[in-house]
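*Asks:* Here is a sequence with its predicted model. Questions after.
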Amino acid sequence: PNALPPALEAEKRRVLKTAFGFDEFRPGQERVIDALLSGRDVLAVMPTGAGKSLCYQVPALVKGGLAVVVSPLIALMDDQVAGLRLDGVCAEAIHSAKSREENVASWRRVASGEAKIVYMAPERLMTDRMLGALGRLPVSLVAIDEAHCISQWGHSFRAEYLTLGRLREALPDARLVALTATADDGTRADILDKLFAGRAESFVAGFDRPNIAISVAEKRDVGTAIERYVTSRPGLSGVVYRLSRKKVEETAARLRDAGVNALAYHAGMEASERSAAQETFLAEPGVVMVATVAFGMGIDKSDVRYVVHGDIPGSLEAYYQEIGRAGRDGAPAEALMFYGLEDVRTRRRFIDEQDSDDERKRVEARRLDALVGFCETTSCRRQTLLAYFGETTGPCGNCDTCLDPPEVIDGAREARLLLGLVAATGERFGAAHIVALAVGHLSETVTGRGHDRLPGFGKGADRPAAEWRGVVRQLVALGALKVESGAYGGLQLTPKGGRILDGAEGVMIAKPKEKKRERRRMTAE
Ligand code: ADP
Ligand code: ZN
């Protein structure tokens, strides 16, 4: 719909070929470039390695004039400048790690029009003096790399980035493009608001990693489950994430006992041990790295065949980053997450106990809800994951819910039984107790409190406990029940839960998987 004039289109392709030596744009690059060349401001969200730099470098050269690139890291600026110079593009970086003379020489080449692209840190750009000087030059484009640094919601907030909010007004004739690899809804909205006063086109692209088969499994005896999973994939490189250092050590030891070449990696180890483990993992085939999230930053190993989460990750964003370490070579790879309400409670406690304001806690609680929603979704997992990053796609055919679609049934009876038991016991008990009551399991805790005399006691004896646990998890994911963060992880009714209990609202649930699998096995025989 927004085709460029033929001359611009031809020039764009010529620059791609002659300056960078590429024949084709990557998915996502062209839309960003076209919008900029058509005179619009852009927020581009693309994963690491997708080719964000080209999104501003090509328009910079096509438009002519000067492009200013804001980057938070000096090393990154120097890399980019070196790369551009190799491509024969005159680029400069002005920053505090260079001598005054070098910076003056760079500025001369910028001011004379010789340099086409100049890199600067935000604090250097946003001085009145620099903005005044740039105002007298034909600045056609300003690119803000790592734009999520402007958001206080993200994990890499930089106060210097906030001053960039004045850019739009300080250089009114330049097009503005913000680029980032990490931006969920909240962060995206924040960038749009702070940098563009809401007026920019935003593009989210290329998050899909179709070669990674995604699945989520119930967390029951996870040590055994991990051992089975890993030992049934002998000789493959994999990563197993665990939440705590202790679990990392335990899991690694157990795998080694089972004959797996497993290494541990966490922040509690000596730096030398950590780098030795990392080097072994990179150099040798068939090593399984059991690690906390401390592992993975900047690890570039292309043939990691699986990433297992023994505990739920911190957010969908973290999950995406972490599973992205599998299958970089494009060959089939797997991501498997074990998930249970225990983990949800642990995460909720982290959020509640962290030292931050309520707004921040609310944001994090919403992120956790999104993760739980992903774990309990009855539609395509990849669709759910990509939708979180603002990318719309069809069902993928390469996730557990696509390959074995859960049947969705009316769950009003089940939901009311559980919600009724939660309400009748004072919203203080965890999932295990509520499920025990539903199936009519007698124990001292049950009889001691007289819970065996509740009207709902044993009314769910027609289904096994595992199925009831599944229903509890779905009610949590649907927002009908809330997991309290306290020591007992008590379940509480939300207003939605109250409406379902009163029959004012219906509820659909997934038909339990165990039964389906059994049925299939039976019909196959
Ligand atoms: P990002 O900043 O998104 O992490 P980069 O801009 O560093 O990614 O690009 C990653 C790599 O992809 C670079 O080696 C770059 O040369 C390469 N690349 C970018 N665009 C293309 C393209 N259209 N065709 C081929 N390679 C490309
Ligand atoms: Zn799918």
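*Replies:* The structure has been received and is ready for your questions. What you see is a predicted model, and the numbers here were worked out from it, not measured in a lab. Ligands and ions are numbered 1, 2, ... in the order given.
*Asks:* Run through the residues of the chain sitting next to ligand 1.
*Replies:* Within the chain, the positions lying close to ligand 1 (Cβ under 6 Å from any ligand atom) are 22, 24-26, 29, 46, 48-54. Quick note: C-beta positions are derived from backbone N, CA and C, even for glycine.
*Asks:* Redo the residues you listed as CSV? Include pLDDT, distance to ligand 2 and neighbour count.
*Replies:* Listed next are the residues of the chain next to ligand 1 as CSV, based on pLDDT from 0 to 100; distance: Cβ to the ion, whole Å; neighbours: other Cβ atoms under 10 Å:
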residue, pLDDT, distance to ligand 2, neighbour count
F22, 90, 31, 15
E24, 88, 27, 10
F25, 89, 27, 19
R26, 83, 23, 16
Q29, 92, 26, 24
M46, 90, 22, 23
T48, 78, 23, 10
G49, 75, 23, 12
A50, 82, 21, 20
G51, 88, 26, 18
K52, 92, 27, 25
S53, 94, 31, 19
L54, 95, 30, 20
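*Asks:* Pull the most distant pair out of those residues.
*Replies:* Greatest spatial distance among these (Cβ to Cβ): E24 and T48, at 20.0 Å.
*Asks:* Look up the closest residue to whichever residue of the stretch 101-250 of the chain sits closest to ligand 1, ignoring the ones flanking it.
*Replies:* Closest residue of the stretch 101-250 of the chain to ligand 1, Cβ to the nearest ligand atom: A181 (6.4 Å). Of all residues not flanking A181 in the chain, T48 sits nearest, at 4.7 Å (Cβ to Cβ, 6 or more residues apart in numbering).
*Asks:* quick revisit: give me the neighbour count for the residue of the stretch 101-250 of the chain closest to ligand 1.
*Replies:* Look at A181: counted by other Cβ atoms under 10 Å, it has 19 neighbours.
*Asks:* Ok, V363 next?
*Replies:* Using other Cβ under 10 Å, V363 has 19 other residues around it.
*Asks:* would you say it is within a helix?
*Replies:* Yes - with DSSP: H, G, I helix; E, B strand; the rest coil as the criterion, V363 is located in a helix.
*Asks:* all strands of the stretch 301-450 of the chain, in order?
*Replies:* All strands of the stretch 301-450 of the chain, identified by DSSP state E, counting those that start in this stretch, fall at 304-309, 333-339, 408-410.
*Asks:* if I look at whatever residue of the stretch 101-250 of the chain ends up closest to ligand 2, how far off is E9?
*Replies:* When scored by Cβ to the ion, the stretch 101-250 of the chain has I214 as its residue closest to ligand 2, at 7.0 Å. Using Cβ to Cβ, to the nearest Å, I214 is found at 38 Å from E9.
*Asks:* Please apply the same query to P406.
*Replies:* As judged by Cβ to Cβ, P406 and E9 stand 47 Å apart.
*Asks:* Same question for A504.
*Replies:* 57 Å.
*Asks:* need the residues of the stretch 351-500 of the chain near ligand 2, please.
*Replies:* Counting by Cβ under 5 Å from the ion, the residues of the stretch 351-500 of the chain close to ligand 2 are C380, R382, C396, C399, C402.
*Asks:* Now with 6 Å, please.
*Replies:* Proximity of the stretch 351-500 of the chain to ligand 2, by Cβ under 6 Å from the ion, involves residues C380, R381, R382, P395, C396, N398, C399, T401, C402.
*Asks:* Please name the residues that touch the second one.
*Replies:* In other words, R381. R381 makes contact with I214, S215, V216, F374, C396, C399, D400, T401, C402 under the criterion Cβ atoms under 8 Å, 6 or more residues apart in numbering.
*Asks:* Where in this protein is the helix or strand with the lowest mean pLDDT?
*Replies:* The least trusted helix or strand in the chain, going by mean pLDDT, DSSP states H and E, turns out to be helix 513-524, with a mean of 45.
*Asks:* can you count the residues close to G28?
*Replies:* G28 is flanked by 22 other residues according to other Cβ under 10 Å.
*Asks:* just G21 next, same as before
*Replies:* Using other Cβ under 10 Å, G21 is surrounded by 8 other residues.
*Asks:* Find the nearest non-adjacent residue to it, please.
*Replies:* Among residues not flanking G21 along the chain, D87 sits closest, at 7.4 Å (Cβ to Cβ, 6+ apart).
*Asks:* Please, where are all the helices along the stretch 251-400 of the chain?
*Replies:* For the stretch 251-400 of the chain, the helices defined by DSSP state H, counting those that start in this stretch cover 271-283, 316-323, 341-353, 358-376, 381-388, 400-403.
*Asks:* Oh, that last question was meant for the stretch 1-150 of the chain, not what I typed.
*Replies:* Secondary structure of the stretch 1-150 of the chain (DSSP H, counting those that start in this stretch): helices at 6-20, 29-37, 52-63, 74-86, 100-111, 122-125, 128-135.
*Asks:* same question, the stretch 401-525 of the chain
*Replies:* Along the stretch 401-525 of the chain, counting by DSSP H, counting those that start in this stretch, helices occupy 412-424, 431-439, 444-448, 465-477, 495-501, 513-524.
*Asks:* Output these in TSV; the columns should cover mean neighbour count.
*Replies:* Below are these laid out as TSV (neighbours: other Cβ atoms under 10 Å):
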stretch	mean neighbour count
helix 412-424	21
helix 431-439	23
helix 444-448	12
helix 465-477	22
helix 495-501	18
helix 513-524	11
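*Asks:* Check the burial of the residue lying closest to D145 once chain neighbours are set aside by counting its neighbours.
*Replies:* Leaving aside its chain neighbours, D145 sits nearest to S71 (4.6 Å; criterion: Cβ to Cβ, 6+ apart). S71: 23 surrounding residues under other Cβ under 10 Å.
*Asks:* Quick check: the residue nearest to G21 touching F20?
*Replies:* Yes - with contact defined as Cβ atoms under 8 Å, D87 and F20 form a contacting pair (5.9 Å).
*Asks:* ok, those two, which is more surrounded?
*Replies:* Neighbours per residue, other Cβ under 10 Å: of D87 and F20, the larger number sits with F20, 19 against 13.
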